[in-house]
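# fold the following, please.
(2 chains)
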Protein chains: 2
Amino acid sequence: MDERAHLKELQEQVEAALRNSFRGREPRGDIYDAMEYSLLAGGKRIRPVLTLEVCRMCGGDPALAMPFACAVEMVHTYSLIHDDLPCMDDDDLRRGKPTNHKIYGEATAVLAGDGLLTAAFETALGEDSPLPPQRVVAAAACLARAAGAQGMVGGQVLDMAAEGRAVSRYDVEQLQKLKTGALLSAAAEMGCIVAGGSEEAQKAVRRYAQKLGMAFQVRDDMLDVEGNEATLGKPVGSDQANEKTTFVSLLGMDDCRALVEKLTGEAVEALAPFGAERSGFLCWLAEALAGREN
Amino acid sequence: MDERAHLKELQEQVEAALRNSFRGREPRGDIYDAMEYSLLAGGKRIRPVLTLEVCRMCGGDPALAMPFACAVEMVHTYSLIHDDLPCMDDDDLRRGKPTNHKIYGEATAVLAGDGLLTAAFETALGEDSPLPPQRVVAAAACLARAAGAQGMVGGQVLDMAAEGRAVSRYDVEQLQKLKTGALLSAAAEMGCIVAGGSEEAQKAVRRYAQKLGMAFQVRDDMLDVEGNEATLGKPVGSDQANEKTTFVSLLGMDDCRALVEKLTGEAVEALAPFGAERSGFLCWLAEALAGREN
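Coordinates of the predicted model:
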C-alpha cells in the first residue's frame, strides 16, 4: 500500500465533500462565502482522515463516516475563525492567507464561525443516513462533548488565561488535551462509533488519538522554533515572541524530539489489537505526523 | 384551567432545568459563569414553553421534551450574546442588566456563546433519553437547520445588511422569518417530533408557530414605540433613533395593531385540528403574547 497516495486520495475526497456541503444554499449576503473561505482554505484534513480511516479499521464503510468527517472539520474551522478574532489572538494570517475577519470584517467572521459550528451538527445529523439512528446520536453527542466548554472551548479559555504568566508542564498538557486533543480524539472515536465498534475498540482508538494528539502538539511547538516559514505558511518564532510557555520552552528541543517519538510509539502500540494489516495506514499516519515539516 | 398559573409553573420548570444544565461541571476560568450569567438572566422562556406544550398537545410526555426545550433556549441565549458584541449591535444592556461582554470581556463572551451553542446540541443529544433515537436525530436536526445560516444566523446577516438603508416590507418579513421565526418554529416543531406527531400535526404546528412568530415581532416593534422602559427593561425608541425599518415605520401603529390581531387569529385557527381542549393553552399563549407589555 502506498500510504502517501492513499492519504492524498482521502484528502481529495474530503475536499470534494466539504465543497459540496453548502451547494445550492441561497446566498444570504456573504455568509456562505465567508464560511467557505475558511473551510476550503486547505489544511491537512487530519481530523476527517482520522474519522474515515478509523471507521475502515473498525470494519465500517468510510462513506458512511463522511458526514461526521466533514462535521469535525467544520468545528475545527470555526474554532480557527473565532480564535483569530481581534478580541482573541488577533491574527492577520492563517495558512498564508488573510484571516476571515481581515476579508469579511469582524461581525461576519463571528457569524461565519457560528454558521460553521451549527452546520457541523446539521451535517452530522443528516436525516437520510442509512446508519442506525442510535449511532448517529452517539457520534454527534461525542462531537458536541469534545467541542464544548468541557473540551475545545474550555481549552481556549485556559489558553487565554495562561497568556503572559508562568505555567507548569501539567498546565500545558491539560490545556493541549482540551484545546487540540479533545477534537482529534472525537474525530477518531466517531469513526469507531459509525462502524459499530466494540467498547474495547473504542478504548483503543481513544488511546491512539490521545497519544497522537499530544505528539502533534509537541511537534507543533517544535516547528514554531525550527520550521521553515514558507513550508509552514506562517511566521516562526511567534511563541517565543509572545513569551508563551510551550513544550519547547519547558523541555528543550532534544527532549521534545524524544517525547514525540515516545508518544508516537504509544499511539502505534494502542492499535495492536486491530492487527498490522488493518491498522497499517493509521500507524503510518502517526509516524508521518511525527516527522512532518508543516 | 388557569393559564397564567400554568405558564408560571412551566417557566419555573424550565428555570430549574436550565440551572441544572451545567451542575457539577469543572470550572474552566469563568466560562461557565459567563454562560450561566446570560442563560439564567430571566426572559419569558417562550421557546421552551412552546416545546413543552406542543409536545403535550400532540400527546407526548413534556418531561421527555425538556432537553430540547433547554437546547432551544441555549441557542437563543448564545445568539443574544453574540448579537450584543461590539462588532455586532454593540449593546450595553440586555433585560436591564449589563450585556455579557460588559461583564466578562469580549473574548469570554464570544466563547460563552460558542459554549452555549455547543451545549445546546450536547443537551439535545443526551444519550440517556428513553426516546426512540430517530426522534432525537430528527429534533436535533430541526434545531440545527433553524439555527444556522439558512435560519437564525442568516437572519442576523440580513439584519446587518439592512442597517442604514431603505428596506421593503417583503425584506423586513423575510428577515424576521429567519432571525426570530425560524427558531420559534423549531421550538414548536421539536415538541411535535418528540411526541411522535403525524406529518399533519407537524404542519399545523409549524403554521401556528410561524404566525405567532410574526405577530411576536410586530408586537416587538410596537413596544419599541409605545412601551414602558421600566416594564421592558430596555430603552424604547431605539429603532427610530437607529433609523431602523420596522413594521411600525412601514405600516404605522394602527395597521400593526390590526396585523397582530389577524396573525394571532390565524395562529389560533391553525390549531383547530387538535380540538379546543388540547390546544387551549397554546391558543391562550398566542393571545397573551399579542397583548403583552414586555
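
# what about the closest residue to A:Gly105 other than its chain neighbours, which helix or strand?
The shortest distance from A:Gly105 to any non-neighbouring residue, by Cβ to Cβ, 6 or more residues apart in numbering or on different chains, is to B:Cys87 (7.7 Å). Quick note: C-beta positions are derived from backbone N, CA and C, even for glycine. Using DSSP states H and E, B:Cys87 is not contained in any helix or strand.

# wait, B:Cys87 sits on A:Thr108?
No: if you go by Cβ atoms under 8 Å, B:Cys87 and A:Thr108 don't touch, sitting 9.2 Å apart.

# show me which of the two is the more surrounded one.
A:Thr108 (27 against 20; other Cβ atoms under 10 Å in any protein chain shown).

# check contacts around that one.
A:29-31, A:34, A:100-101, B:157, B:160 (Cβ atoms under 8 Å, 6 or more residues apart in numbering or on different chains).

# buried ones among those?
For these, a burial check counting by 16 or more other Cβ atoms under 10 Å in any protein chain shown picks out A:29-31, A:34, A:100-101, B:157, B:160.

# in helices, which of those residues fall?
Among these, DSSP state H puts A:31, A:34, A:100-101, B:157, B:160 in helices.

# as a markdown table, the residues you listed with pLDDT and distance to B:Thr77 would be great.
Formatted as a markdown table, these follow (pLDDT from 0 to 100; distance: Cβ to Cβ, whole Å):
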| residue | pLDDT | distance to B:Thr77 |
| --- | --- | --- |
| A:Ile31 | 94 | 21 |
| A:Ala34 | 96 | 23 |
| A:Asn100 | 97 | 24 |
| A:His101 | 97 | 23 |
| B:Val157 | 92 | 19 |
| B:Met160 | 88 | 20 |
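
# what helices and strands are in contact with the host helix or strand of A:Phe281?
Using DSSP H and E, A:Phe281 maps to helix A:276-290. Helix A:276-290 sits against helix A:3-20, helix A:46-57, helix A:199-226, helix A:253-270, with contacts defined as 3 or more Cβ pairs under 8 Å, 6 or more residues apart in numbering or on different chains; DSSP states H and E.

# any idea how far the least confident helix or strand in chain A by mean pLDDT is from the chain center?
Using mean pLDDT, DSSP states H and E, the weakest-scoring helix or strand in chain A turns out to be helix A:229-232, at a mean of 76. Helix A:229-232 sits 20 Å away from the centroid of its parent chain (Cα atoms, centre = their mean, to the nearest Å).

# in it, what counts as buried?
For helix A:229-232, by 16+ other Cβ under 10 Å, it's A:Leu232.

# now do the buried residues in the helix or strand just after that helix.
Counting by DSSP H and E, the element after helix A:229-232 in chain order, helix or strand, is helix A:238-241. For helix A:238-241, burial by neighbour count (16+ other Cβ under 10 Å) applies to A:Asp239.

# same thing with stretch A:37-51?
Buried residues in stretch A:37-51, counted by 16+ other Cβ under 10 Å: A:37-39, A:41, A:43, A:45-51.

# contact partners of it?
Contacts for stretch A:37-51 (Cβ under 8 Å, 6+ apart): A:7, A:10-11, A:14-15, A:18-19, A:21, A:65-66, A:68-70, A:72-74, A:76-77, A:80-81, A:94-95, A:97, A:100, A:103-104, A:112, A:116, A:183-184, A:187-188, A:190-191, A:194, A:209, A:216, A:282, A:285, A:289.

# among those residues, which ones are buried?
Among the contacts of stretch A:37-51, those scoring as buried are A:7, A:10-11, A:14-15, A:18, A:21, A:65-66, A:68-70, A:72-74, A:76-77, A:80-81, A:94, A:100, A:104, A:112, A:116, A:183-184, A:187-188, A:190-191, A:194, A:209, A:216, A:282, A:285, A:289 (criterion: 16+ other Cβ under 10 Å).

# Throw the ones in helices among the buried ones among the contacts of A:Thr108 into a markdown table and include distance to A:Cys55, thanks.
Output for these, formatted as a markdown table (distance: Cβ to Cβ, whole Å):
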| residue | distance to A:Cys55 |
| --- | --- |
| A:Ile31 | 31 |
| A:Ala34 | 30 |
| A:Asn100 | 30 |
| A:His101 | 35 |
| B:Val157 | 35 |
| B:Met160 | 40 |
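
# tell me which two of those sit farthest apart.
Spanning the widest gap among these are A:Asn100 and B:Met160, at 15.5 Å by Cβ to Cβ.
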